[in-house]
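Q: sequence? don't have it. structure:
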């Protein structure tokens, strides 16, 4: 039987996996109880993704899932949709109305959480990249931010942005253990993926243990037998 | 047959209805196609809500819905849940997973949109209140904000907060006409309620006609035969 594989962004140490989008896909696979192997992938290994149907090299990104039957799916949200279609038990996104609202939560995490975390962690990520990825990362991110990585970095501003970005999550988690209610679902993984970036690349924790957001993060780190908690972190690897 | 009624916050001119929470409830009733009468209510008319079961006077708030059979429901989200239970056609909140995610969108609108709009419009609201409501409004809001209404007001900061708060909505509306997809649903009304506050109390529009958020606002103003668009605005009343 062919193996289910997921291309998963890595740092100079292959074990360091910090991509929020790849974490969304990995947690989604775990939620469905589907075994899979990850294939470590560097930003500049565009050629290795030629099979993925994403078009020319600049458009090729991870995660890329190849299912046991050879079906290939890209984009973390599309991977969740594919998994719900192909493995309907334990819905990730749910029915149409639930899925539309999950899209809003996806955009909240990408438009508000991500920039705040990048302000904090950008140079930590840069330092952990494979040497051959650094020029690519600097060029694409500096174009996106309109400034150098060094000027973009502003942890204090990032923490303020994060506090503001987290307000709806904090309110939601004051009434329920997960965004999706009593048990974690697709909306939780869409947001939690972004928490795995600081978890893997920063040497200190962003949240206190008595904070509702920190408690939610801890529950998701512990889910599926501690799958996310066992992720390799910066402190685990030799510099 | 008894009439379905909704207590609806008003200004010194009874026609001015600016409460985001009441607008949520009114749009939810329109969505279900249920006729109703609104009863204009002032902040300090706590005695009039004694029947609502909300407890002592400080806890009595609008909207309060009394259905034809005498059932009384308070809180805009609970009113939506009640309407879905009692009138299952055209779901507002949908199944459990959809409803959990609607709660996130509710908190996004309350924790991020509302403070931005209040920074812009607080003194405009104050000026439109009935004289007997002004002390109550000043006292409760100054306690909440930790400062005077005059120091709290900061339209420039409010516009910056609004731009940041709207990022997920803007992204969502770039791919679909409504938060809930092809047609408006409960999540749209939860957010749109807050747009009716600046629409009614400010003399200028907050959004450009070519902006995706402005276009969404226009579609919801036009929904149900232009129900929200016909709302009385500050320019319609004598000062």
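A: Arrived safely. No experiment lies behind these values; they were computed from the predicted model shown.

Q: Do you have the helices of chain A handy? List them.
A: Assigned by DSSP state H, chain A shows helices spanning A:20-32, A:76-86, A:96-108, A:114-128, A:131-145, A:149-152, A:155-165, A:167-173, A:186-201, A:212-226.

Q: Could I get these in CSV, plus columns for mean neighbour count, mean pLDDT and distance to residue B:50?
A: Where you see a C-beta, it was placed from the backbone N, CA and C, and this is true even at glycine. Converted to CSV, the helices of chain A look like this (neighbours: other Cβ atoms under 10 Å in any protein chain shown; pLDDT from 0 to 100; distance: least, Cβ to Cβ, whole Å):
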stretch, mean neighbour count, mean pLDDT, distance to residue B:50
helix A:20-32, 24, 98, 48
helix A:76-86, 19, 98, 49
helix A:96-108, 23, 98, 36
helix A:114-128, 19, 98, 45
helix A:131-145, 14, 97, 57
helix A:149-152, 14, 98, 57
helix A:155-165, 16, 96, 39
helix A:167-173, 21, 98, 29
helix A:186-201, 25, 98, 39
helix A:212-226, 17, 98, 35
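
Q: Make JSON lines out of these and add distance to residue B:7.
A: What follows is the helices of chain A, written out as JSON lines (distance: least, Cβ to Cβ, whole Å):
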{"stretch": "helix A:20-32", "distance to residue B:7": "43"}
{"stretch": "helix A:76-86", "distance to residue B:7": "41"}
{"stretch": "helix A:96-108", "distance to residue B:7": "29"}
{"stretch": "helix A:114-128", "distance to residue B:7": "40"}
{"stretch": "helix A:131-145", "distance to residue B:7": "49"}
{"stretch": "helix A:149-152", "distance to residue B:7": "50"}
{"stretch": "helix A:155-165", "distance to residue B:7": "33"}
{"stretch": "helix A:167-173", "distance to residue B:7": "25"}
{"stretch": "helix A:186-201", "distance to residue B:7": "33"}
{"stretch": "helix A:212-226", "distance to residue B:7": "33"}
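
Q: how about a markdown table for these, with distance to chain B added?
A: As requested, the helices of chain A are exported to a markdown table (distance: least, Cβ to the nearest Cβ, whole Å):
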| stretch | distance to chain B |
| --- | --- |
| helix A:20-32 | 13 |
| helix A:76-86 | 11 |
| helix A:96-108 | 4 |
| helix A:114-128 | 9 |
| helix A:131-145 | 15 |
| helix A:149-152 | 17 |
| helix A:155-165 | 7 |
| helix A:167-173 | 4 |
| helix A:186-201 | 6 |
| helix A:212-226 | 12 |
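
Q: Between the ones you listed, which one is closest to residue B:176.
A: With Cβ to Cβ as the criterion, residue B:176 lies closest to helix A:96-108 of these, at 7.1 Å.

Q: Let me see the residues that make contact with the closest one.
A: Counting contacts by Cβ atoms under 8 Å, 6 or more residues apart in numbering or on different chains, the residues outside helix A:96-108 that touch it are A:77, A:81, A:91, A:93-94, A:165, A:168, A:179, A:186-187, A:190-191, B:91, B:94-95, B:97-98, B:101-102, B:104-105, B:108, B:167-169, B:171-172, B:175-176, B:179-181, B:185, B:187.

Q: re the thing from before, so which of the helices of chain A is nearest residue B:120?
A: helix A:155-165 (16.6 Å).

Q: So which elements touch the closest one?
A: With contacts defined as 3 or more Cβ pairs under 8 Å, 6 or more residues apart in numbering or on different chains; DSSP states H and E, the packing partners of helix A:155-165 are helix A:114-128.

Q: and the helix it packs on, what other elements does it pack with?
A: Helices and strands touching helix A:114-128, as assessed by 3+ Cβ pairs under 8 Å, 6+ apart, comprise helix A:131-145, helix A:149-152, helix A:155-165, helix A:186-201.

Q: let's see it at 7 Å
A: With contacts defined as 3 or more Cβ pairs under 7 Å, 6 or more residues apart in numbering or on different chains; DSSP states H and E, the packing partners of helix A:114-128 are helix A:149-152, helix A:155-165, helix A:186-201.

Q: Which one of those helices lies nearest to residue A:15?
A: Shortest distance between residue A:15 and the helices and strands packed on helix A:114-128, using Cβ to Cβ, is found for helix A:186-201: 9.7 Å.

Q: picking up where we left off before, any idea which of the helices of chain A gets closest to residue B:4?
A: Across the helices of chain A (criterion: Cβ to Cβ), the nearest stretch is helix A:96-108, sitting at 25.2 Å.

Q: report the angle between the axes of the closest one and helix A:20-32?
A: Orientation of helix A:96-108 against helix A:20-32 (axes from the mean of the first three to the mean of the last three Cα atoms, to 10 degrees) gives an angle of 150 degrees.

Q: Enumerate every residue touching residue A:117.
A: The neighbourhood of residue A:117, defined by Cβ atoms under 7 Å, 6 or more residues apart in numbering or on different chains, consists of A:158, A:162, A:194, A:197, A:198.

Q: how about the helices and strands packed on helix A:114-128 in CSV, adding distance to residue A:34?
A: Output for those, formatted as CSV (distance: least, Cβ to Cβ, whole Å):
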stretch, distance to residue A:34
helix A:149-152, 37
helix A:155-165, 31
helix A:186-201, 14
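
Q: quick revisit: for the contacts of residue A:117, which one is nearest residue A:20?
A: Distances from residue A:20 to those, taken as Cβ to Cβ, are shortest for residue A:194 (4.4 Å).
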